[in-house]
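> build me a model:
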Amino acid sequence: MSGPLPCWEADTCAVCPAQELGPGKFDVVDRPGPEFAYDPRIGWRVDQAGTAVCVHPFRVGMPPGRYASGGDPLPDLRDPDAADVAVPEAALELPEVLDDLEGWLVASLRVCPEAALMSAVARVERVAGERFAPGEVTKALRRVLSHELARR
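Numbering: from 1, shown residues only. Model prediction:
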């Protein structure tokens, strides 16, 4: 596999290296953080050594690993069960920056039971609205829900 997987276009963040790079060409970590800064020159996050980094393993369908920087073996990405990566607890913490809001919304909705989806949407909208502008929360929710509802 040399390029990105077709599903990554819809499943990953717009600034994820998985939008342009194939499996093994970037590392995957369990959450965003200041040590994985977004580099606007190249269009995705990098670690301090400049290695491309995905910060949402549950969105890219790969467990955390040093695939590009350390040569960790790739999971079998043809196996749908292998791509079902659990949402890490850290991903359920409301982010400090707006760029990470969509990832938090996806994580929060993926861990809720189907029967509780609408109450979960109301809760994340309320909680996110305490930190971010309501219009930004609405835009993020629209993008996330259009894809997450189709996945169920």
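> now do the helices in this protein.
With helices called from DSSP state H, the chain shows them at 8-11, 57-60, 101-110, 117-129, 134-151.
> now the angle from the third one to helix 134-151?
In this case it means helix 101-110. Calculated by axes from the mean of the first three to the mean of the last three C-alpha atoms, to 10 degrees, helix 101-110 forms an angle of 50 degrees with helix 134-151.
> and helix 101-110, which residues are buried?
Under the neighbour-count criterion of 16 or more other C-beta atoms under 10 Å, helix 101-110 has 101-110 buried. Using the backbone N, CA and C atoms, a C-beta is placed for each residue, glycine as well.
> which residues does residue 48 contact?
Residues in contact with residue 48, defined by C-beta atoms under 8 Å, 6 or more residues apart in numbering, are residue 35.
> could you do residue 17 as well?
Listed by C-beta under 8 Å, 6+ apart, the contact set of residue 17 reads 25-26, 44-45, 52-54.
> got JSON lines for the buried residues of helix 101-110, with distance to residue 15 and pLDDT too?
Formatted as JSON lines, the entries for the buried residues of helix 101-110 read as follows, by distance: C-beta to C-beta, whole Å; pLDDT from 0 to 100:
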{"residue": "101", "distance to residue 15": "12", "pLDDT": "94"}
{"residue": "102", "distance to residue 15": "10", "pLDDT": "93"}
{"residue": "103", "distance to residue 15": "10", "pLDDT": "92"}
{"residue": "104", "distance to residue 15": "15", "pLDDT": "95"}
{"residue": "105", "distance to residue 15": "15", "pLDDT": "96"}
{"residue": "106", "distance to residue 15": "14", "pLDDT": "94"}
{"residue": "107", "distance to residue 15": "17", "pLDDT": "95"}
{"residue": "108", "distance to residue 15": "20", "pLDDT": "96"}
{"residue": "109", "distance to residue 15": "20", "pLDDT": "94"}
{"residue": "110", "distance to residue 15": "20", "pLDDT": "93"}
